[in-house]
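1. fold the following.
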Amino acid sequence: MSLALAALSHAPSFGNVDPGGTIFAEINEALGEVRSFVEDFAPDVTVIFGPDHFNGVLYSMMPPFAIGAQAVGVGDYGTGEGPLAVDSETARELHALTIAQGIDIARSERLEVDHGVMQPLEFLFGSGFTNPFVPVFVNAIGKPLTPMARIRLMGEALGRAAQQLDKRVLLVASGGLSHNPPIPEYDGSPEPVQQRLVSYSPSKEDRTAREGKIIEGIQAIADGRASSAPLNEEWDQKLMKVFRSGSLSDVDGWDNDEFIAEGGSAAHEMRSWIAAFSALSTAGDYSMVVDRYWPVRTWGAGFGITAAVPQNA
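-> Numbering: from 1, shown residues only. Predicted structure coming up:
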């Protein structure tokens, strides 16, 4: 019935690697603004669009997008682990309403989600939250990727579906702007890598050790002891300009390979933002009420925090 949006970057480095200067304090201040915005909106349910990092969604079945009617957290980077407070009835209704519009979105009764979904929810609602939500997986790294227009159309269909609910729906987008972490590809990789991308169920100790190495690598970049591909502030601002303007059909002409060339290996996490803003746009023109961006060079990533509401709200 009513829509609002919060779009947030996520980062393993958050709380683990000091970005330097006043950046971390500024990010936390902006998160506080968004939390207040969400509290004032008082959503009945939250629909979060987010990626996975080959932790929960693997090549055993790699859909372009999927709605989770039940979900579990994998518990990476200190985020929630185990069964989550998914509003299953609403998730199934949204799935039916979306697929009826000709969007072939999958449904999972056991969607595994990592920090790409959990970190923004915990930013907004706190660790161990019980606020009802619906996770929407948006593939960002499992190639081949759909044309960008399909993401916009999926978001619009889900936005129209959300407006058919008798609920106040908060749309949340999760994803980094430009950043370039090492990401394995199935095609052409050695068999052990391919097997890892099909089936991955590490022990808690193995996951912790792997994450520790990643954090150490980011810390080395922050300390100047290692190099990283630079973030692309100009590209980040190009995307932010589109989200601010509401001209979301602009994304239809964006080339997938160019997206990576400009924004880095994980730039397609912005598909979650495209989907969420497209969903919001179905309620008419919107206005940004929080609009913050930082080129965090010590993290090697652009970091954005926004909130928006329909102008007729």
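
2. tally up the residues packed near the closest residue to residue 125 other than its chain neighbours, please.
-> The shortest distance from residue 125 to any non-neighbouring residue, by Cβ to Cβ, 6 or more residues apart in numbering, is to residue 131 (4.8 Å). For every residue, glycine as well, the C-beta is placed using N, CA and C. Residue 131: 16 surrounding residues under other Cβ atoms under 10 Å.

3. low-confidence ranges, the protein, go.
-> Within the chain, the stretches with pLDDT under 70 are 1.

4. which strand residues bridge the residue minimising distance to the centre of it?
-> By Cα atoms, centre = their mean, the chain has its centre lying nearest to residue 174, at 2.4 Å. Counting by DSSP bridges, residue 174 is bridged to residue 8.

5. quick one, what contacts it?
-> Neighbour list for residue 174: 7-10, 48-51, 116-117, 119-120, 269, 272 [criterion: Cβ atoms under 8 Å, 6 or more residues apart in numbering].

6. quick revisit: got the contact list for the residue nearest to residue 125?
-> Residues near residue 131 by Cβ under 8 Å, 6+ apart: 43, 46, 85, 121, 125.

7. need the contacts of residue 174 in JSON lines (columns: secondary structure and distance to residue 255).
-> Shown next, in JSON lines, are these (DSSP: H, G, I helix; E, B strand; the rest coil; distance: Cβ to Cβ, whole Å):
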{"residue": "7", "secondary structure": "strand", "distance to residue 255": "23"}
{"residue": "8", "secondary structure": "strand", "distance to residue 255": "26"}
{"residue": "9", "secondary structure": "coil", "distance to residue 255": "23"}
{"residue": "10", "secondary structure": "coil", "distance to residue 255": "25"}
{"residue": "48", "secondary structure": "strand", "distance to residue 255": "27"}
{"residue": "49", "secondary structure": "strand", "distance to residue 255": "21"}
{"residue": "50", "secondary structure": "strand", "distance to residue 255": "23"}
{"residue": "51", "secondary structure": "coil", "distance to residue 255": "19"}
{"residue": "116", "secondary structure": "helix", "distance to residue 255": "23"}
{"residue": "117", "secondary structure": "helix", "distance to residue 255": "27"}
{"residue": "119", "secondary structure": "helix", "distance to residue 255": "29"}
{"residue": "120", "secondary structure": "helix", "distance to residue 255": "27"}
{"residue": "269", "secondary structure": "helix", "distance to residue 255": "17"}
{"residue": "272", "secondary structure": "helix", "distance to residue 255": "19"}
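
8. what remains of the residues you listed if I keep only buried residues?
-> When the contacts of residue 174 are checked for burial by 16 or more other Cβ atoms under 10 Å, the buried set is 7-10, 48-51, 116-117, 119-120, 269, 272.

9. quick one on the thing from earlier: ok, so of the contacts of residue 131, who is nearest residue 141?
-> Ranked by distance to residue 141 (Cβ to Cβ), the contacts of residue 131 are led by residue 121 at 20.3 Å.

10. quick one: distance of the helix or strand where the closest one lies to the chain centre.
-> For residue 121, the element it lies in under DSSP states H and E is helix 115-125. For helix 115-125, the gap between its own C-alpha mean and the chain's C-alpha mean amounts to 9 Å (Cα atoms, centre = their mean, to the nearest Å).

11. CA atoms only: put that helix into PDB for me.
-> Included here for helix 115-125 are C-alpha records, laid out as PDB according to Å, rounded to 0.1, in the frame of the first residue of the first chain:
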ATOM      1  CA  HIS A 115      26.400 -10.500   4.600                       C
ATOM      2  CA  GLY A 116      25.100  -9.100   1.300                       C
ATOM      3  CA  VAL A 117      21.600  -9.400   2.700                       C
ATOM      4  CA  MET A 118      22.200  -9.600   6.500                       C
ATOM      5  CA  GLN A 119      24.600  -6.600   7.000                       C
ATOM      6  CA  PRO A 120      22.200  -3.900   5.800                       C
ATOM      7  CA  LEU A 121      19.300  -5.500   7.800                       C
ATOM      8  CA  GLU A 122      21.400  -5.500  10.900                       C
ATOM      9  CA  PHE A 123      22.400  -1.900  10.200                       C
ATOM     10  CA  LEU A 124      18.700  -1.000  10.300                       C
ATOM     11  CA  PHE A 125      17.300  -3.300  12.800                       C
END
